[in-house]
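Visitor: below is the sequence, then the predicted model.
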Amino acid sequence: MTTIVIAEDHQSLIDGLSLLFEKDPEIQIIGKVNDGEKLIETIKKKQPDILLTDIRMPKIDGIVVTRMIKRMYPEIKVVAFTMFDEEDSIKQMLEAGANGYILKNSGLGDVKKAIETVMKGEFYFDKSLDTSFLEEGDSKKKKNILTTTEMQILHLIGEGKNSYEIAEIRCCSYTTIQTHRKNMMKKLNLHGKGELLRYAIDKNKYDI
């Protein structure tokens with residue numbers, strides 16, 4: 001059974017969630033609080049599987065609370081339950097350690113799906129959220145893990161040069177270029193023939 005603590009300063013929402021899970025044999029609500037201070041106390045006493053928390057709360061907000069809880073109890077899954085859909089709010093919650101982000105105007109069934117998803121070890125984002133900025137951030141991380149030499153070779157690949165041509169341009173052996181290719185594919189988690197080329201020429205996403 002999955003145990004949950006709900007942190008929300010609107011009692012009507014707490015009541016609605018309580019009704020949703022009241023007869024669910026797989027989910028049990030073991031705590032309901034209306035502010036950040038009470039939330040910390042409740043987490044320490046009950047240590048649930050999941051915390052469903054608002055971002056803006058009295059006394060201590062959900063971002064600070066999430067950061068504190070993840071430091072004390074990293075195994076607890078945290079799902080933001082909020083009306084804020086701005087990029088900054090999402091980023092701050094994710095940086096604090098949240099495992100999911102769902103909006104309050106979502107159906108109660110979506111809340112259950114969010115809980116089930118994070119319990120599997122996966123992230124959950126509300127289907128109405130624009131999370132494209134997360135993909136851009138991941139692209140930057142991928143680019144930054146390459147060495148200067150690999151970036152230069154990647155640039156040449158993006159220009160359509162094959163390994164023999166790149167070896168001639170860089171005054172090295174064909175085998176050296178092939179080794180760099182394999183290392184880049186491993187670092188970038190790319191698989192299959194042509195993946196590296198597609199990555200290299202996708203100038204809209206990758207500023208090579």
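Guide: Arrived safely. Numbers count the residues shown, from 1 in each chain.
Visitor: helix or strand right after the one helix or strand in the chain whose mean pLDDT sits lowest?
Guide: Ranked by mean pLDDT, DSSP states H and E, the weakest helix or strand in the chain is helix 132-144, scoring a mean of 57. Counting by DSSP states H and E, the next helix or strand C-terminal to helix 132-144 is helix 148-158.
Visitor: and Ile43, what helix or strand is that in?
Guide: helix 36-46.
Visitor: ditto for Lys32
Guide: Using DSSP H and E, Lys32 sits within strand 27-33.
Visitor: could you export that strand as CSV, CA atoms only?
Guide: C-alpha atoms of strand 27-33 as CSV (Å, rounded to 0.1, in the frame of the first residue of the first chain):
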residue,chain,number,x,y,z
ILE,A,27,-3.5,4.1,-1.4
GLN,A,28,-3.8,5.4,2.2
ILE,A,29,-3.7,9.1,3.3
ILE,A,30,-1.8,9.2,6.6
GLY,A,31,-1.5,12.9,7.1
LYS,A,32,-3.2,16.2,6.1
VAL,A,33,-1.7,19.6,6.8
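Visitor: what lines up beside it in the sheet?
Guide: strand 2-7 (parallel) (DSSP bridges).
Visitor: ok, and what's touching whatever helix or strand comes next after the strand it pairs with?
Guide: Using DSSP H and E, the next helix or strand after strand 2-7 towards the C-terminus is helix 11-21. Helix 11-21 is contacted by residues 4, 6, 8, 27-29, 32, 34, 52, 81, 104, 108, 111-112 when judged by CB atoms under 8 Å, 6 or more residues apart in numbering. Where you see a C-beta, it was placed from the backbone N, CA and C, and this is true even at glycine.
Visitor: go again with 6 Å.
Guide: Applying CB atoms under 6 Å, 6 or more residues apart in numbering, the contact partners of helix 11-21 are 6, 8, 27, 29, 32, 108.
Visitor: just send those residues back as TSV, with pLDDT too.
Guide: Output for these, formatted as TSV (pLDDT from 0 to 100):
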residue	pLDDT
Ile6	95
Glu8	90
Ile27	91
Ile29	94
Lys32	94
Leu108	79
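Visitor: filter the residues you listed down to the buried ones.
Guide: For the contacts of helix 11-21, a neighbour count by 16 or more other CB atoms under 10 Å gives the buried set as 6, 8, 27, 29, 32.
Visitor: so of those, which two are at opposite extremes in space?
Guide: Glu8 and Ile27 (16.2 Å; CB to CB).
Visitor: so where's the chain shaky on pLDDT?
Guide: Applying pLDDT under 70 to the chain picks out residues 133-144, 203-208.
Visitor: could you chop it up by domain?
Guide: With domains defined by automatic domain parsing, the chain comprises 2-130, 135-201.
Visitor: winner for burial among these?
Guide: A comparison of the domains of the chain by mean neighbour count, using mean count of other CB atoms under 10 Å, puts domain 2-130 on top with a mean of 17.
Visitor: what's downstream of the helix holding Ile43, the next helix or strand?
Guide: strand 50-53.
Visitor: next structured bit after that next one?
Guide: On the C-terminal side of strand 50-53, the nearest following helix or strand under DSSP H and E is helix 62-72.
Visitor: now that following helix against strand 2-7, angle please.
Guide: 140 degrees (axes from the mean of the first three to the mean of the last three CA atoms, to 10 degrees).
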